[in-house]
Structures are given as C-alpha cells and as structure tokens.
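Visitor: need a structure here:
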Amino acid sequence: MTTTNTSIFDDLGLRRVSDQQSSRIPKKELSQDDFLKLLTTQLRNQDPLKPLDNNEFIAQMAQFSSVDSLQKLQGSFETLSSSLTSNQALQASALVGRSVLVNGNYGYLSDEQGIGGYIDVPRGAENIKITIENSAGVVVREQSVPQLDAGEQPFAWDGKDSSGTDLPSGRYRIVVSGSVGGKTETFTTQFYARVDSVNLGRNGEGITLNLAGMGKVPLADVTQIG
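Guide: Okay, here's the model as predicted:
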C-alpha cells in the first residue's frame, strides 16, 4: 500500500485547505518589504508615457520612513511605560505596613491609636470648629478652637467622645470649618492610614493602595509617607 504525502499535492500543483486558509489571512501591518514590493510593482506597471516623477517617488519613500519611525517610537514608548509601571509597582509594594497621609474627611480609629493628620487652615480663619461623626452620622465629639495659624496644622484625636468615653474602632468623619472673611468655609483635611496591600493598575488604571478601614485610594493621592 502506497502512503500519500504532501509531495503528491505539490506535483499536481495543489495545496491543502489549511495551507490555502493560512495564505488568505490578511496582515494587520505592512512591513518595509511589503512596501518595497508594492513600490516595485507600481514602477513595473507605470504608464511609459507618464512615468513616476522622481519627487513623488522620494515623497513616498519619505512617507513610509516617517510612518515606520513613528511605529517604532510608539513601541519604544509602550516599553518605557510598561517599565515605569513595573518600577512604580515595586516601589509601592514597599509601602505595605507603613503609614501614609491622604486627603479626605475620613479617618480610621483603631484599637491601638487615635486619628491623626493635618488641617489646611486658610489665612485669617476664625471661630474654628472640629466636628467628629461616627459611621451612622451621629456627632460624637465637637470642639471649638478660637484661632489657628494659617497653613498646615497638626491634628490628633484620642478616640474619646465628649464625655471622655473610649469609642469603638471604625471609620469616623471629621469636618473642620471656620469663618474666613465673614463666610463659613470647610477646610481641607488630611489623615494618616496604614497600607494593607497594593493593587497593580489594569486596563489603564493607576496603582491603588488598600488602606486599613479606608478602602482603595489612588497612589497619586498620597501626600506623605510615614
């Protein structure tokens, strides 16, 4: 019994279906060789009475060279971006277990320590009031401060309510307001939180930090470490 092999198909000038299908798969991009083949075909089939102008020929070559350079540049930028993201992720992983300062109106009260941070006091602010609410929106402590110097001023809460009773751990909202130029304003606040883990950015998203009791916060929102 004779075994049929691919040489018989070659002798008959036939190709297998799989070969035909693979040859029909269109290319997504034209390489430099493809461009030169097209250009050579164009020159071979040009009108003898109206040959391709030298300037036009040079322009086509320059155009392809520019496109090819841009594609290579884009690839270089993608590689650089990937490298920077990996480097940033490596640096962010070193934050796990450390304390960071982030903008916001919430802080997490743990069993070990209170809530600390900074208040951005506008110039000329008066009658400053600090209001602390629990997760249910109930005011647990309120304190008035006649005046603070302008700029970032440290803030610390020991976790006790107005009667001096220790409050349970959890997330608390802290609002600082005051009178500036005769108008009541809410001041910007920043609070410390411990980094539990790091999420690497996907689908174009940036790197985020998982803060203890606070959830996800973009790495870009961190204003201070430690």
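Visitor: all helices in the chain, in order from the N-terminus.
Guide: 6-11, 17-24, 32-44, 54-93 (DSSP state H).
Visitor: list the buried ones in stretch 159-177?
Guide: For stretch 159-177, a neighbour-count test (16 or more other Cβ atoms under 10 Å) marks Gly159, Leu167, Tyr172, Ile174, Val176 as buried. Glycine gets a C-beta too; all of them are placed from N, C-alpha and C.
Visitor: now, the most widely separated pair of the residues you listed?
Guide: For these, the maximum inter-member distance is 18.6 Å, found between Leu167 and Val176 (Cβ to Cβ).
Visitor: that older thread, strands - which of the buried residues of stretch 159-177 land there?
Guide: Tyr172, Ile174, Val176 (DSSP state E).
Visitor: What sits closest to Arg123 if chain neighbours are left out?
Guide: Counting by Cβ to Cβ, 6 or more residues apart in numbering, the nearest residue to Arg123 once its immediate chain neighbours are dropped is Ala150, at 4.1 Å.
Visitor: How much space separates that neighbour from Val138?
Guide: To Val138, Ala150 is 32 Å away according to Cβ to Cβ, to the nearest Å.
Visitor: Then Gly104?
Guide: 20 Å.
Visitor: Have a look at those two and say which one is more surrounded.
Guide: Set Gly104 next to Val138 and count neighbours by other Cβ atoms under 10 Å: Gly104 wins out with 17 against 9.
Visitor: Not counting sequence-adjacent ones, nearest residue to the more buried one?
Guide: Using Cβ to Cβ, 6+ apart, the closest residue to Gly104 is Phe191 (6.3 Å).
Visitor: Show the model's pLDDT score for that neighbour.
Guide: Note on Phe191: pLDDT of 94.
Visitor: Assess the claim that it and Gly107 are in contact.
Guide: Yes. Counting by Cβ atoms under 8 Å, Phe191 does reach Gly107; the two are 3.9 Å apart.
Visitor: Now list whatever residues contact both of those two.
Guide: Ile115, Gly116, Gly117, Ile174 (Cβ atoms under 8 Å, 6 or more residues apart in numbering).
Visitor: Show me which pair in those is furthest apart.
Guide: The farthest-apart pair in those, when distances are taken by Cβ to Cβ, is Gly116 and Ile174, at 10.6 Å.
Visitor: Now for the two: what residues contact both?
Guide: Gly107, Phe155, Trp157, Phe191.
Visitor: Against Asp166, how distant is the first one?
Guide: Counting by Cβ to Cβ, the separation of Gly107 from Asp166 is 16 Å.
Visitor: repeat for the third one
Guide: Using Cβ to Cβ, we find Trp157 at a distance of 12 Å from Asp166.
Visitor: Over to the last one?
Guide: Using Cβ to Cβ, one gets 19 Å for the distance from Phe191 to Asp166.
Visitor: returning to that earlier point: for the residue nearest to Gly104, what are its contacts?
Guide: Phe191 neighbours (Cβ under 8 Å, 6+ apart): Leu101, Val102, Gly104, Tyr106, Gly107, Ile115, Gly116, Gly117, Ile174.
Visitor: try 7 Å
Guide: Phe191 makes contact with Val102, Gly104, Gly107, Ile115, Gly117 under the criterion Cβ atoms under 7 Å, 6 or more residues apart in numbering.
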